[in-house]
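**Student:** what would the 3D arrangement of this be:
(one chain, ligands or ions: 1)
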Amino acid sequence: MELNLFNTQSRQCEAIVLEPQKPFKTYCCGPTVYGPAHIGNFRTYVVQDVLVRLLKLLKVNVCYVRNITDVDDKTIRGARQNNQSLQEFTTYWTQRFHNDCERLNLLPPTVEPKATETIDDQLALIQLLMDNGYAYARNGSVYFRISACKDYGKLSHLNERELQTQDLNSAEQANDADEYERDQIADFALWKAYKPEDGTVAWNSPWGRGRPGWHTECSAMTHRYLGGTLDVHSGGVDLVFPHHENEIAQFESAYKVPFVKHWLHIAHLRVNGQKMSKKLGNLYTLDSLQEQHYEPSTVRYALIAGHYRKPLNFTFENLNAAQSALHKIYAYTQTLCKQLSVDFANLPALLQQATLPDHLQWLQPFFDALLHDDLNTPKALGCLFSFMGQHPQLSLDEAKTVFPEWLAVLYALGIQPVEQRISIPADIQELAEKRWQCKCSGDYQAADNLRKALMDKGWRVLDNAQGYRIEPL
Ligand SMILES: [Zn+2]
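**Tutor:** Sure thing, here's the model as predicted:
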């Protein structure tokens, strides 16, 4: 079994060989919990979720770690502004994040460590780097020495000159006096010495009181919970440099094994063609979209309707399209269930046990797009809709063979169908009835005109041996 996925480091699609007995180690950089996560953050987690779901369908033994960053400048500032302890403040936002994840039907990670719970691991990592000459202490802070790491920049493909400029720019923007304590401008902090604005947030270390740098936590956690080399490490594309580059440098310098086989980066999300920002008032959250009557399931669908490597333009038009696509999938599921006398209420339990059938008869193109074409969700959805279009009605025998494949599709996409109770307006019902009578009496021209009239009003008529049914377009 293989999975073809683009690798940021090699800049090409590569086959990942899946061995069901071997643990598959995957790590995704999680949220910093200081406020509500916006839908751009969730794009990464939804794509990672589809990957994990596919692996589970293939009975791969997935070990999935996603961290919670619960200590940094933003969390410390937020706690102070709210007159709360760091723990109270971050616990609240972590719960809100979990609530959003549940509403988006994201599978929980196998382990979800918090930065503040792994301080010892981070100190051990820093100590190892100090012992091996990769780090140095300055006034209570510890920095990673980039010049000691010969292949620094291999993920982002930045050469030394570019590194200097990139970092100078960010240093200037941050206007952080600490930056000038470093031997080289590109060196980054592994441990940050205590500052008065940190309040009560500090831990003891051999270099004085302080707190770990953000990059330190991910390398320490991957080592603690996943051990050696990871199969897939994912995150938003904005993390490639410097965060992931620094994770590699720390891990490989300390533990002397390759950090990651495959890097998966998810492109940005734009809203109505613009960058999301508080200033522009287009920073959507699940709550703000739900206030406008868009369910989290619709948001989830809209997030996978585009390919993860391309920037996704999030518009209300796309949300409406997602809503209508989901309704079609729900209706198809409902018809299948009815035909096979499957209780709709049992669907969640059936989805839990879904696996990918060995021989796919109907939906092979759907899974080919995901497994062999770089997790191509838009292409897969296209295949799904052509399947539905080509098979609006199934015989009982056909439905029986489609059903397990259909369950696997729903599971892979993380779609949890809800029962459709469509109320058909009386005038639509009347038109449809009139059309049926025309058809039965052989007046096909009139029947066809009425069918078109229904289409114009947003309804489709489907005939079968027993009669007809109506569904929204
Ligand atoms: Zn990270």
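
**Student:** next secondary structure after the helix or strand of the chain with the lowest mean pLDDT?
**Tutor:** Lowest by mean pLDDT, DSSP states H and E among the helices and strands of the chain is helix 160-174, with a mean of 51. Next helix or strand after helix 160-174 toward the C-terminus (DSSP states H and E): strand 188-193.

**Student:** packing partners for that following strand?
**Tutor:** helix 119-131, strand 141-144, strand 210-212, helix 214-226 (3 or more C-beta pairs under 8 Å, 6 or more residues apart in numbering; DSSP states H and E). Where you see a C-beta, it was placed from the backbone N, CA and C, and this is true even at glycine.

**Student:** figure out which of these is closest to Leu413.
**Tutor:** helix 214-226 (26.4 Å; C-beta to C-beta).

**Student:** let me know the average pLDDT across the closest one.
**Tutor:** In this model, helix 214-226 has an average pLDDT of 96.

**Student:** check the stretch 1-150 of the chain for the residue nearest the ion and tell me.
**Tutor:** Cys29 (3.3 Å; C-beta to the ion).

**Student:** can you tell me, leaving aside adjacent residues, what's nearest to that residue?
**Tutor:** Gly235 (4.1 Å; C-beta to C-beta, 6 or more residues apart in numbering).

**Student:** now swap in Gln290 and tell me
**Tutor:** Pro296 (7.0 Å).

**Student:** up against the ion, what does the stretch 201-350 of the chain have?
**Tutor:** Cys218 (C-beta under 5 Å from the ion).

**Student:** quick one, strands of the stretch 201-350 of the chain?
**Tutor:** 210-212, 230-236, 260-266, 269-271, 274-275, 312-314 (DSSP state E, counting those that start in this stretch).

**Student:** follow-up on the earlier one: can you give me the neighbour number for the residue of the stretch 1-150 of the chain closest to the ion?
**Tutor:** Other residues lying near Cys29 total 21 when counted by other C-beta atoms under 10 Å.

**Student:** that one and Val240 touch, don't they?
**Tutor:** No: Cys29 lies out of contact with Val240 (C-beta atoms under 8 Å); the separation is 11.0 Å.

**Student:** for the host helix or strand of Asp427, packing partners?
**Tutor:** Using DSSP H and E, Asp427 sits in helix 426-440. In terms of contacts (3+ C-beta pairs under 8 Å, 6+ apart), helix 426-440 is packed against helix 444-456, strand 459-464, strand 467-472.

**Student:** now render these as TSV, adding distance to Val418 and mean neighbour count.
**Tutor:** Shown next, in TSV, are the helices and strands packed on helix 426-440 (distance: least, C-beta to C-beta, whole Å; neighbours: other C-beta atoms under 10 Å):
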stretch	distance to Val418	mean neighbour count
helix 444-456	25	14
strand 459-464	20	15
strand 467-472	15	15
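
**Student:** about what we covered before: can you put the helices and strands packed on strand 188-193 in JSON lines and add distance to Met1 and mean neighbour count?
**Tutor:** Converted to JSON lines, these look like this (distance: least, C-beta to C-beta, whole Å; neighbours: other C-beta under 10 Å):
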{"stretch": "helix 119-131", "distance to Met1": "33", "mean neighbour count": "19"}
{"stretch": "strand 141-144", "distance to Met1": "38", "mean neighbour count": "24"}
{"stretch": "strand 210-212", "distance to Met1": "38", "mean neighbour count": "24"}
{"stretch": "helix 214-226", "distance to Met1": "21", "mean neighbour count": "24"}
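
**Student:** export those to JSON lines and append columns for distance to Leu286.
**Tutor:** Output for the helices and strands packed on strand 188-193, formatted as JSON lines (distance: least, C-beta to C-beta, whole Å):
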{"stretch": "helix 119-131", "distance to Leu286": "31"}
{"stretch": "strand 141-144", "distance to Leu286": "37"}
{"stretch": "strand 210-212", "distance to Leu286": "30"}
{"stretch": "helix 214-226", "distance to Leu286": "25"}
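
**Student:** picking up where we left off before, so for the helix holding Asp427, what gets flagged as buried?
**Tutor:** 428, 431-432, 435-436, 438-439 (16 or more other C-beta atoms under 10 Å).

**Student:** using PDB, write out every CA atom in it.
**Tutor:** Provided in PDB are the C-alpha atoms of helix 426-440 (Å, rounded to 0.1, in the frame of the first residue of the first chain):
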ATOM      1  CA  ALA A 426     -47.400  22.900  -1.900                       C
ATOM      2  CA  ASP A 427     -47.000  24.600  -5.300                       C
ATOM      3  CA  ILE A 428     -43.900  22.500  -6.000                       C
ATOM      4  CA  GLN A 429     -45.700  19.400  -5.000                       C
ATOM      5  CA  GLU A 430     -48.600  20.400  -7.300                       C
ATOM      6  CA  LEU A 431     -46.400  21.000 -10.300                       C
ATOM      7  CA  ALA A 432     -44.600  17.700  -9.700                       C
ATOM      8  CA  GLU A 433     -47.900  15.800  -9.500                       C
ATOM      9  CA  LYS A 434     -49.200  17.500 -12.700                       C
ATOM     10  CA  ARG A 435     -46.000  16.500 -14.500                       C
ATOM     11  CA  TRP A 436     -46.400  12.900 -13.400                       C
ATOM     12  CA  GLN A 437     -49.900  12.800 -14.700                       C
ATOM     13  CA  CYS A 438     -48.800  14.300 -18.000                       C
ATOM     14  CA  LYS A 439     -46.000  11.700 -18.300                       C
ATOM     15  CA  CYS A 440     -48.400   8.800 -17.400                       C
END
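
**Student:** that's all I had, so thanks and see you.
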